[in-house]
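**Q** with the sequence up front, the predicted model follows.
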Amino acid sequence: MSVIAAGAPIAVDDVVIRDTAAVAAGHVPVVALVGRPNVGKSTFFASVSGRYAETANVPGTTIVAARREIHLAGMSAVLVDLPGALSLGDASDGTAPFWQMLLAAQPDALLVIVDAGDLGRHLPLVLACRDLGLPIVVAANLSDEAAGRGISLDTGRLSQLLVAPVFRTIGRRSVGTREAVAAAIYRAAAFHARALRTTPFPPYMMSTVAAVNALARDLSKGSAAQPEPALMNALGARSLTPVAAATIALEQRLDAERWQIAAHWTAQVEARHDVPRPVNDRLARMATSPRIGLPLLAVLTAGVLLITMFVGTWLANLLGMAWSNFVSPIVTGAVDRSVPIPALQEAIKWALDSGLLAMLTVGLPFVLIFLVIIAALEDSGYLASTAVLTDRLFNAVGLPGRAMIPIFTAAGCNVPAIYSTRVLDTRRERLLASLLIVMTPCSARSAVVVAALAPFVGPFVALAAFGVILLTTIVSGVASNALLPGRQSPVVLDIPPLRLPVPRQVAAKAWFRFKSFVRTAAPIMIVGSFVLGLVYSSGANDPIEQVLSPVTVGMLGLPPVVGVALVLAFLRKELALQLLVVLSVAEIGPAAANLNQFMSPEQLFVYAVVTAISVPCIASMASLVDEFGWRSALAIAGALLGIGIALGTVLNVVLS
Amino acid sequence: MTDLDGVPLGAHVVVLSVSPDESVRLARHGLVPGVELVCDQDAPLRGPRIVCVGNQRVSVPRAVARQVAVELIRGQQQ
C-alpha cells in the first residue's frame, strides 16, 4: 500500500508515467469533479479549464455535465464538472441517482472537492467515492475561508488516512487547483494502465465489510435478492465492480458508519483556533433573521425590479430608436424590393422588422439584466437565505421557499423562469411553480396593463388590476395545490455562507441562460410575427371575431374586435394593446386610436386583466412543452384560459 | 428528551435518534445520532428552524425537526 503525501504525488506516480504515455495514445483519461453543493466545484472547474460552466446548486438539477478537454503537465485529460451531490444515492424527483450520472461520465479518476472548513460533513462523500474503486484525489477547497474561521487541516495526515493525495486549494484564486487536477490525471492514467494498486483497507466494521463482500459475491453470481436493475446494468457494462455495486446497494448502512469515521478522522486532522466570527458569516446570519432579513428582502426585491424597469426601459427605448432609424429602413426596403406579393410582403416585414425588434427590446434589456442580477444573487449564496425566510409563505401554494427564485424571475420574462423551476425537487412542485409563473405578468404583459389603464382610466386602476391579478394567482395556486395529487415534501437545505460572486462566473451563467432563452424565443417570435402579419394583411380577422364573439361579447362584455387581439396576444403578448388599436382603427376608423372612444373604463379593465392572465405567450408555451411535455403544457394553458375567462366574466358582471 | 422543534433558540443539543422516515435525508446533511447542534434561528411564521452543525447552517422544516429526538446539553445562551 503506498501512502501519498500531499504536494508530492509525482514521486509515487513516477512508476506509472511510462505506462500512461501508452495509454494516452489511445485514451484520454476522464477526471470527474465530485462534491457537495456550494463547495466551489464550478469555480474550481473554471480555474483549471478556463471555462465558466453552468451548473446548478441543487443536487441533480444539471442534466448536462460540463466537459472540457484540458492539457496539464504534458498530459491531456477530459475534466467533467458534475452537479453537487450530498451522497452517491442522492436523487431528485425524475432524475437518476447521482452515482448513475457519475458513471455516465465514464470517469477514470474522481477529484473529490471538500470544504476545508467543514471536513466532517464532506468526508462521507469522499469515503463513498473511494468505495467505488476508482482512484481519488481530494481537494481541500475554500481553505482561505477555513483559515478565516480559524480552522487548519493536516493534509498529510488526511492523505495517510484516505490513502489518496490531498491538496489544499482555493478555487477562486486558482491556488493548488492545477496541482490537484494533475495528480488526478496521473492517477487516472495509471489506473487505466492497471499500474495503480492502492486498494485501501476499508475502515468499516468487520460485519459491514462481510456484508458488502457477501452481497458482492451474490451480485457477481446473479443470485442477489431483488437487485436494482440500474446496478445490474452497471455491473454488466463493467462500469462497476461487484464490490463497488454492493457499497452502493448498502449505502444507507455504510453512510451511518461513514459519518462516524468522518467525525473521528476530522478530529485527528483538524485544528481549531479561536478567532472572531468572519464578517460574511455574521452577514449570512443577519440575512436569515426575521428582523433584519425580511426588510432587507423587501428592499432588495423592490430594488431589483426597479433597476430592471428603469435600466430596461431606457435600454429598450435606445435600442428601439436605433433599430427604427438604422435597421428598419434597410429591412423594409429589402423586403419591398424582393417580395412581389403584398400580403406576403407585409407578413415578412412583421417577422423581420417588428418581430426582431420585439426580441431586441424585450430580450436584451429586460431579460439579460434580470438574468445577470439573478446569477449574481445565486452565486452570492443570498437566495438560499430568502428561500428560508419565505418558506412558510410559499408552503401555502404547495411550494418550498426556493420557488421564490423562479417566480421572481417571471416578473422579467416567463421563459427563463420556467427553465429555472429546475431548482425545485419534484415535478409536482415544478408544475405548480410553472402555473404561478405563467400567471405572473412578465415585463411585456405589465406594460400592456399599464398602457391600457394608466393613461385612459388612471394609474390607481392599473395598480388595482395588478392587485386582482395577484389575488387570482394566489387563489389559483392554493386551489391547484389542493387539486394536484401528492403533497409537498419539506426541504432540508444547507445554507451557504455569503460570498462575493466571481464576475466572470456570473457573466458566464447569465450569458448561458440568455442564449437558451434566445434559442427558444427568437424563432417563435419571428414565426409568430409572420403569422400575425399574414392574418392581419389577408383579412382573416373577420371569421375569427365571429367565432369568438360568444366569449368576448357574451361573457366578457367586450367589443368583437377584441377577439382577434386576444387570440393574437398568444403570439406576441406585448403587442396585445398595439394590435387592439391597429385593428379597431382599421374597423371603426381613426377615432378608435383613443381607446376611450370605443371602450368603457370597465371594458378596458377587463381587457387588461384577461390579456395579462389568459393564455401564456407562445414562447413560454414552447418552454413549458420543452420542460414538461405537451400534456402538462396544454393543461397549464387550458387552466389559464379557463381562469382568465372566468375572471373576466366575473369582473364584467361585477363592474357593470 | 425532546424533539428538535421543542427546544428553545440558542440551545445546544445532541441528536439522540432520527425517525426512519427522515434518517437518510437528514444524514446527508450531517444530522446523525451523536452530533451536537445549536438551534440558531427560526424563520418567520413558524418557518424552518436553522441549526448549526459545526460551521454549517442547515434549514430544517418544523415537520422534519419533530422527527429528530434530541437531548438538551446547554440551555439558552445570553
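**A** That came through fine.
**Q** when you work out contacts or count neighbours from here on, use the C-alpha atoms and nothing else.
**A** Will do.
**Q** flag the shaky bits of the stretch 51-200 of chain A, pLDDT-wise.
**A** Low-confidence segments of the stretch 51-200 of chain A (pLDDT under 70): A:53-65, A:92-95, A:194-200.
**Q** where exactly do the strands run in it?
**A** With strands called from DSSP state E, counting those that start in this stretch, the stretch 51-200 of chain A shows them at A:66-72, A:75-81, A:109-115, A:136-141, A:151-153, A:166-168.
**Q** and the fifth one, what does it pack onto?
**A** Taking 3 or more Cα pairs under 8 Å, 6 or more residues apart in numbering or on different chains; DSSP states H and E as the contact definition, the neighbouring helices and strands of strand A:151-153 are strand A:270-272.
**Q** in the strand it packs on, what counts as buried?
**A** Across strand A:270-272, burial judged by 16 or more other Cα atoms under 10 Å in any protein chain shown covers residue A:270.
**Q** swap in stretch A:273-286?
**A** With the criterion 16+ other Cα under 10 Å, stretch A:273-286 contains buried residues A:281, A:284-286.
**Q** in what helix or strand does the closest residue to chain A within chain B lie?
**A** Taking Cα to the nearest Cα as the measure, chain B has residue B:58 as its residue closest to chain A, at 4.5 Å. Assessed by DSSP states H and E, residue B:58 sits inside strand B:56-60.
**Q** next: residue A:356.
**A** Assigned by DSSP H and E, residue A:356 falls within helix A:356-358.
**Q** off-centre distance for the helix or strand following that helix?
**A** Next in sequence after helix A:356-358, counting helices and strands by DSSP H and E, comes helix A:369-380. From the chain centre to the centre of helix A:369-380 is a distance of 11 Å (Cα atoms, centre = their mean, to the nearest Å).
**Q** which helices and strands does helix A:369-380 pack with?
**A** Using 3+ Cα pairs under 8 Å, 6+ apart, helix A:369-380 sits against helix A:290-322, helix A:404-410, helix A:503-538.
**Q** and the last one with helix A:369-380, angle?
**A** Per axes from the mean of the first three to the mean of the last three Cα atoms, to 10 degrees, the angle that helix A:503-538 makes with helix A:369-380 is 150 degrees.
**Q** which parts of chain B sit against chain A?
**A** B:24-30, B:32, B:41-48, B:54-61, B:63-64 (Cα under 8 Å from any Cα of the partner chain).
**Q** show me which of those residues are buried.
**A** By neighbour count, with 16+ other Cα under 10 Å, the residues of chain B next to chain A hold B:24-30, B:32, B:41-44, B:47-48, B:54, B:56-61, B:64 as buried.
**Q** which strand or helix spans residue 38?
**A** Answering for chain A, as no chain was given. Residue A:38 belongs to no helix or strand, assigned by DSSP H and E.
**Q** you looked at the wrong chain, it should be chain B
**A** strand B:36-42.
**Q** what's the angle from that strand to strand B:56-60?
**A** Angle, strand B:36-42 to strand B:56-60, by the same axes, to 10 degrees: 60 degrees.
**Q** name the helices or strands packed onto strand B:36-42?
**A** Packed against strand B:36-42 by the contact rule (3+ Cα pairs under 8 Å, 6+ apart) you find strand B:12-18, strand B:49-53.
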